[in-house]
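>>> how does the following fold in three dimensions:
(4 chains)
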Amino acid sequence: MDLLEYQVKEWFANIGIPVLPSQRIDHPTDLKRLKIDYPIVLKSQVNAAERAKVGGVRFVETTIDAIAAARSIFNLPILGQLPEVLLAETKYETEQEFYLAVVLDTAVCRPILLGCTEAMDIDWDSADEKMHYVVVEQEFSPFYARQLALKMGLQGALMQSVSNVVEKMYQLFVEKDLDLVEINPLGVSPSGQVMALNGNVSINERAIGRHPNMADIAKAMVNPYTSSHTIRNLGDWDVVEMHGKIAILGNGAGLVMATLDLVVNSGGKPGVCLNLRHASVTETSPTTFKSRLEQALKNLATDKSIQVILINFLGSISQGTEVSEVIGDFVESSMTEAQLFMAKSNGGKNRRENSFPRLVVRLAGSEFDTARIDIAALKTPTDTSITVVENLDEGVAEAIRLAKSTVYRRF
Amino acid sequence: MDLLEYQVKEWFANIGIPVLPSQRIDHPTDLKRLKIDYPIVLKSQVNAAERAKVGGVRFVETTIDAIAAARSIFNLPILGQLPEVLLAETKYETEQEFYLAVVLDTAVCRPILLGCTEAMDIDWDSADEKMHYVVVEQEFSPFYARQLALKMGLQGALMQSVSNVVEKMYQLFVEKDLDLVEINPLGVSPSGQVMALNGNVSINERAIGRHPNMADIAKAMVNPYTSSHTIRNLGDWDVVEMHGKIAILGNGAGLVMATLDLVVNSGGKPGVCLNLRHASVTETSPTTFKSRLEQALKNLATDKSIQVILINFLGSISQGTEVSEVIGDFVESSMTEAQLFMAKSNGGKNRRENSFPRLVVRLAGSEFDTARIDIAALKTPTDTSITVVENLDEGVAEAIRLAKSTVYRRF
Amino acid sequence: MNLTPYSKVLIQGFSEYITANHVAQMKANGTNLVAGVNPGSGGQQMYSLPVFDLVEEVVEKFGVIDTTIICVHPYQVLDAALEALESDIRQIIIISPGVPPLDMVQLLRKAEAKETLIVGPNSPGIIIPGKILLGTQPSEFYTAGSVGILSRSTTLTYEIARELTDAGLGQSMSVSIGSDAIVGSSFLQWLQILDEDEATKTIVLVGQPGGDREEAAARYIAEAIDKPVVAYIAGTQAPSARHWRQTGTLAAVIGRDPDFGTAKNKLAAFSFARVPVAERPSQIPELVKKALR
Amino acid sequence: MNLTPYSKVLIQGFSEYITANHVAQMKANGTNLVAGVNPGSGGQQMYSLPVFDLVEEVVEKFGVIDTTIICVHPYQVLDAALEALESDIRQIIIISPGVPPLDMVQLLRKAEAKETLIVGPNSPGIIIPGKILLGTQPSEFYTAGSVGILSRSTTLTYEIARELTDAGLGQSMSVSIGSDAIVGSSFLQWLQILDEDEATKTIVLVGQPGGDREEAAARYIAEAIDKPVVAYIAGTQAPSARHWRQTGTLAAVIGRDPDFGTAKNKLAAFSFARVPVAERPSQIPELVKKALR
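Residues are numbered from 1 along each chain as shown, chains lettered A, B, ... in the order given. So this is what the prediction gives:
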C-alpha cells in the first residue's frame, strides 16, 4: 500500500529527514492562504511516477498563476486517477540529485540499503552498474548507512549527511513495518545541504494491524491492484481478476492458480478467482472459512458476467463440514430471490432465466465425504443439479462445458 | 532523575498501561472544573514514599471537601518539599495489590523484571523471599514477562494481563532509556482488571541528551541529591557536598574521594568536593576542562565557608597547560575585587581580610612541569603565595594546616 | 535434522490454523507429540495434549524438545519462536500465515546464529508418509514411497501428492517451505536434503509466481542435484499484476526485469536447467515415471 | 587475549577523550597503532595516523585488527563497537565515558555471543609497562615490574602506580575496567588473568563506592586467587547520598541492604576475605612489600 507524497513528507519530517516547507491544498482557493513563499511547485497527489511528464507538476510564481495551475491539476486525470489533494512546496535549487532506498529483499531475507548518485529518471536497464547496495545482515547500526554512502563515492560532510538520511529512513522502515522507503530525488544544494524532494513509502499490509494509525490510512485508500469494490479487500494473491465466465473459488493460492491454468489450457475463460484459505491480511475483523465462503458466493451472485462457479476445495478445512451448509443456504436464498423475481415479472417470460450461476464443486478428501452427498442432493432455482466431482480435471472440464452451453443463461 | 506521579501516569497512559482517569491540579480552585467523578483521591506531587503517612494523600467526596483538602496539601511540606501540583484521581476498588518493576542490574549487566504479589508497604527485609525476578538475558520478548507472572504464582487471564503490563513497562524502559520503572501498587479489581495505581520512573541522566522531550523535563527539575543551586548540575559522583572548610577539586572521581579521605583521616574537614574530569552528564552545552575549572573556582570564591581550595590534578589533561592560566586569571580577578573592596571600605579595617581563599595546588606529571613554576610565582590578593606540591600527602597536610590557621580569615 | 519418530514435538498456540483433526493426524502418523504451550491455559488439556504456559516448563518435564510447531497469532510468532530458541529447540515449523516480514528478519538473524532450522511461516510443514507428520499436511493423500515433494504451497502440494498416490507412486517426504515472502528454509536446503536422502529417488518441485526461488532452485539443480527432478509451476496463465519491486529482491529492484517473479521466468529457468515441467498436476506421475526409467 | 606488541591496534574516533599526546605515548610504548577511523575524515592524517571512514577499510588494508580503542561520542559508542564486532575485532577498549547503560546492555549481549572482550566504558585501558599501552594511561608513572594493578578508576589508578614506582616497585600490568555502572570486563576476569600471568607477583585492587564489584572480587580472591592481593578503597569518608536502588543490583533492590554500595561494605568484604587494605595510597607499597615477604 503506497502513501501519497504529502503523507510521505509528513512521516519524513516527523522522523527528522529534511523536507521543504510545504502545504496541503484541498481546493484551489487554499492557495490564497499560502504560508510558504513563492516561487512554489504544485504537485498532483496521485501515485504515478509519470505525473511530471503529463503535467501534474507545475512551477508558479504568483497566487493568480497558482490558482489557475491548481484548477487545471485538480482536473487532470493521471493513470485514470484525479487527485483529491495537491501539495504546494517551496522551490529548491539542487546541484546534484541522488536516489536512496531501503527495501526488503526476499531472496536474502534482509533489508537492503540502496543508493545511486543519479536520480529521477534512472535508466533502470543500466541501473545495476550505477546502483550501490548494502545488505543489513545483522541488526541495523549507523555504520551500514555509512557503508552505503561510501560505496556511492561520497566523502566528508556529504557522506555523513547522506548516511544520516539513510539512518532515518531505516528507522522509519522498522518503526512502521514498511516494504519500501524511497527518496527520489534527494536534492543536494550547492552548499552541500540535502533535502528529500520526493519520496515513496510502501506499507506492509500484514503489519497494519499493529499500527493503529496506519489502519486508518489503509481504510481510506483504495487498493490500486483491483478495481472491483466488492472484493478489493481480499488483497494480494487472494484475488486474481480476469474477465471470463468461470469464477474459481479455492482453498490455497497455488491451488487457485493451478485451477485457473487448467481452465485456460482446456479452452475456458476464468473470471474472478478467489483464495479463501485465509482471511485477508488487511481484514480488521476476524473471519472464518465459512464466512469467507458465504461472502464470496454472495458477491459472485451479483456479478452477472459469471456463468459458472467452480469450487475447488481439498484437504483439511477447519469448518469442512460447513461447506455443504453454506452452499445449501446460498442455493436456498437464491431460490427465494428467483421466486420473488418470477412473482414480480408475473411469469411474463417463459425462458428459464434467473440470476443463479451454475455450480461445479470439486471436493477432495475424506473430510468432505458427507458434504459431497449433501451438495449433490441440493435442488437449484434452475432445477439443474450441482455437479460434484472428486477429480480436478473432471471438474474443470465440466465447468467449461457448462460455461459454453447456452441452455441456461443468466441475465 | 525521578518523575512525579502525574508525569509517570501520562507516560503510562501513552504506552498503554492502564491508569485511572485523573486530572492535574495546579491550584485548589481547579477542583471546581473537575472532569472526573467523585469520590476522588488527592495526592501531593512530591517524590517521597512517605507522603501517604504524613497526610499528602486524601480521599474526598465533594467539591467543598476537595478544595479544603487541596489547600492543606499544597501547604504541607513533605521531606522539606512543598508540592507544586496535586493529582486528582478516581477512587478504585482493589481486591489484591501487586508490585512490579523493571530495573537495570549492574551486576549482571542486564535489565531485570521484578514482581511480588504484595505491594505498598513491602517489608523489604523479608522481600527476598516474596520478590520474584527474571533476568532479561537476550533481547526482550514477551515470554520474559510471562515467566515473571508465572513465578509470581499467577494463572490464566490474570497471568496474561499482568504480563501484558510488564511488557509495556519494558517497552517504556527501553524507549525512554530508564533506570527504573515501578508500579506500586498494581491494583487488581474483583473482576480481575488491573490498574497502575501509583508508579515511579527514574530517567537515566546519560541518555537525556538523545530524548529531546526529556531534556525539557530535566531542566525543570531540581536534582534532589544536592541542595546548592550553583553546583547541582554537576550530578552523580561529580560532586560530594560536605560542610568543612577545605574544598577539593580533582580530575577523577576516585582521586577526589581518595583526597577527601586523606583530609578527613588527617584531621581536616572537607567542604564541597568536585570532580572536573568530565562534563556533567546533564550538561547540555559542551564544556572543556578549562571552562569547568574556571566555573568551579568562581563558584567556590562566592562560598564564604571555604577557607582553602585543595586542587589535585594528576596525569594527562587535554588542556593541561591551561591550568596555570586559569588559576592566574582567577587570582588576578580576585585581586581586582579585593582592591575594589578596599577602596569601598575606605581602608577602614586594618586586618588583612578579603574574599580570597587559600590555594594548595598538587600537580603530578610532566605535563604540569611549567604550570608548577608559573603557579608558584603568582601573587595573591592576600600577599600569600600559592602552595604548589607534587606529593599528595604533603598537599593534604598543607591544606589542613592552612584551614586551621587563623592568620588569614575570609569573611 | 531430526525427523525420527522418537524426536519430541511440541505445539505452540492453538489458533484457527490447527484443529483437533490435525493433532489427531499427527499422532496417528507416529509423531511423538508431547505437549502444547498456550499462555494462560497451563494445566489444561487441549486435543488430548497436556498444556503448559511456557516452553521451559515443557523442557523441564519432558527433556530436550526437537521440534516445535508454531500456530500462534501471526503477531505472536516472533515471541513464540524466540521462546523456543531460548529453550534450545533446533527445528521450528511455523504454520501461521501473515507474519510481518520484519519480524521474520529478526527471527532469522537469531536462528542463523543458533543454527536452528526454521520452516515457514505459512507452511503446512513436513510429512514422511508412515513415519512422521510435523504440521498440517493431510496424510490421507500420501503413501510411503520414493518421490520427494518440495513446494511452497499448501493445498496444491496435497493435490500433487494425491495425483502421485492415485498413480501408484508413493512419497518419501513432502515439505512446503511456506508461501510467505520471507521464509526460513529454502528450496536449495531441501533439494540438498532430498538429494542425500536414501529413500528418495525422484524429486517433484512445485512452484508458483512471485520472487525468484524457483529460478534459484533451477540453477542449483543444474549444478548440484544428481537425482531426477520434475517441476510444476502454477499460475502460468494468471495475469501478473503485482509490483514486484516492493516486495521483491535486489535483482528486482536493480534490474527491474519486467518478467521478474512471473511464471514465465520460472518456466524458462527450468527449461534452461533441462528440468522437465508438467503442464498440469495430473501429468506429473507420467513425468516421474519417465524420469525414473 | 592478545596483548603482545605485534598485535594490531586501531583508534575509533578522535574526541576530547583522546589527545595527540595519548597517541604519541601509545606509539612510544610499543603499541602497534596502525590507523584511525573517523567517519567523514577518510584519507586524512590525524596525530600521524592514516584515517579511514570505515573499520572494514582498515581491515582490508592491514589485515585482522586485534584491538580497537573507542573514543567516539558516548551516543556513538554502540555503533562503533558493533562496527568493530562486524569486522571481527576481538578486543574492544572503550575510553568514552557516559555511554547510555542500555546501549551497553545491547553491546554486551552481542559481544558475549561473539566471545569478544569489552573493557570499559569510561576506562583508561590497559598498560604493560615497557611493552604495550592500550588506552590513555600515562606511562610516565609506570615502570616495568611485578605488581599488577586492577581498578575501576582513572587518575586514582595512576596515583597508585606513581606511589609504587616511587617506592621502587614496578608494575607487570595495570587495568582499569572503567567506572561506569555497566562495564564489559569484570574484576573477576582480570583477577584470573593476573593470577595466571607469570610476570605478576602481587595484585593491588583499587575500589570505590557504588555497586558490589569489590565485594564480588573479595569473595573470588578468597576462593580462587593464589597470589597475594592488597586492596585500597577510596571514599571511605564520603557520605553515601545515592539511591542505590535505582542503579544497583538485584541484591540492592531485593535486599535493600542500607549499606549496599558503600565503602564500609567493601572494607568489610576485604576484611572477611583476609585481604589487607591500605588506608591511603602512600601505604600501598608498604603492604605490597609485606605481602611479598
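
>>> so who does the residue nearest to residue A:297 when sequence neighbours are not counted touch?
Residue nearest to residue A:297 in three dimensions, not counting chain neighbours: residue A:330, with 4.6 Å by CB to CB, 6 or more residues apart in numbering or on different chains. Just so you know, the C-beta spots here come from the backbone N, C-alpha and C atoms, and that holds for glycine as well. Residue A:330 makes contact with A:294, A:297, A:298, A:301, according to CB atoms under 8 Å, 6 or more residues apart in numbering or on different chains.

>>> quick one, phi/psi of residue A:39?
phi -70, psi 150 (degrees, to the nearest 10).

>>> same check on the one 10 residues further on?
When read as degrees, to the nearest 10, the backbone of residue A:49 gives phi -60, psi -20.

>>> now swap in residue A:178 and tell me
Backbone torsions of residue A:178, given as degrees, to the nearest 10, read phi -100, psi 160.

>>> and it, how many residues sit next to it?
Using other CB atoms under 10 Å in any protein chain shown, residue A:178 has 28 neighbouring residues.

>>> wait, what's in contact with it?
Contacts here follow CB under 8 Å, 6+ apart; on that basis residue A:178 touches A:102, A:172, A:201, A:202, A:203, A:204.

>>> residues from the stretch 51-200 of chain C in reach of chain B?
With CB under 8 Å from any CB of the partner chain as the criterion, the stretch 51-200 of chain C meets chain B at residues C:53, C:54, C:55, C:56, C:76, C:78, C:79, C:80, C:82, C:83, C:86.

>>> state the distance from the first one to chain D.
Looking back up the chat, that one is residue C:53. Per CB to the nearest CB, to the nearest Å, residue C:53 is found 24 Å from chain D.

>>> any idea how many residues pack against the spatially closest residue to residue A:151 that is not a sequence neighbour?
Distances taken as CB to CB, 6+ apart put residue A:132 closest to residue A:151, at 4.0 Å, once the chain neighbours are dropped. Neighbours of residue A:132 under the rule other CB under 10 Å: 19.

>>> equivalent analysis for the one 3 residues further on, please.
Per other CB under 10 Å, the neighbour tally for residue A:135 reads 15.

>>> please enumerate the strands of the stretch 201-350 of chain A.
A:239-240, A:246-250, A:270-275, A:308-314 (DSSP state E, counting those that start in this stretch).

>>> now mean neighbour count, mean pLDDT and distance to chain C too, for these, in JSON lines please.
As requested, those are exported to JSON lines (neighbours: other CB atoms under 10 Å in any protein chain shown; pLDDT from 0 to 100; distance: least, CB to the nearest CB, whole Å):
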{"stretch": "strand A:239-240", "mean neighbour count": "24", "mean pLDDT": "77", "distance to chain C": "5"}
{"stretch": "strand A:246-250", "mean neighbour count": "26", "mean pLDDT": "94", "distance to chain C": "7"}
{"stretch": "strand A:270-275", "mean neighbour count": "25", "mean pLDDT": "90", "distance to chain C": "8"}
{"stretch": "strand A:308-314", "mean neighbour count": "27", "mean pLDDT": "94", "distance to chain C": "5"}
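
>>> out of these, which is closest to residue A:70?
Residue A:70 lies closest to strand A:239-240 among those, at 36.3 Å (CB to CB).

>>> against which helices or strands is that closest one packed?
Judged by 3 or more CB pairs under 8 Å, 6 or more residues apart in numbering or on different chains; DSSP states H and E, the packing partners of strand A:239-240 are helix A:253-265, strand A:270-275.

>>> now these in TSV, with distance to residue B:12?
Output for the helices and strands packed on strand A:239-240, formatted as TSV (distance: least, CB to CB, whole Å):
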stretch	distance to residue B:12
helix A:253-265	43
strand A:270-275	43
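
>>> is residue A:58 in a helix, a strand, or coil?
With DSSP: H, G, I helix; E, B strand; the rest coil as the basis, residue A:58 sits in strand.

>>> now the buried members of the contacts of residue A:330.
For the contacts of residue A:330, a burial check counting by 16 or more other CB atoms under 10 Å in any protein chain shown picks out A:294, A:297, A:301.

>>> could you check how far the residue nearest to residue A:297 is from chain D?
For residue A:330 relative to chain D (CB to the nearest CB), the value is 56 Å.

>>> and residue A:11, by the same measure?
24 Å.

>>> give me phi/psi at that residue?
The phi/psi pair for residue A:11 (degrees, to the nearest 10) reads phi -60, psi -40.

>>> what's near enough to touch residue 91?
Assuming you mean chain A. The contact partners of residue A:91, taken as CB under 8 Å, 6+ apart, are A:39, A:40, A:41, A:59.

>>> not quite, go with chain C.
C:1, C:2, C:66, C:67, C:68, C:116, C:117, C:119, C:134.

>>> show me those that map onto helices.
In helices, judged by DSSP state H, none of the contacts of residue C:91 are found.

>>> for chain B, what's the nearest residue on chain A?
Nearest residue of chain A to chain B (CB to the nearest CB) works out as residue A:139 at 8.8 Å.

>>> how about that residue, secondary structure?
coil.

>>> that older thread, ok, the contacts of residue A:178 vs residue A:70, which is closest?
Of the contacts of residue A:178, the one sitting nearest to residue A:70 (CB to CB) turns out to be residue A:201, at 24.4 Å.

>>> what parts of the stretch 201-350 of chain A come near chain C?
Listed as neighbours of chain C in the stretch 201-350 of chain A under the rule CB under 8 Å from any CB: A:202, A:204, A:206-207, A:209-210, A:225, A:236-237, A:240-242, A:250-255, A:257-258, A:260-265, A:270, A:273, A:277-278, A:281, A:288, A:313-316, A:318.
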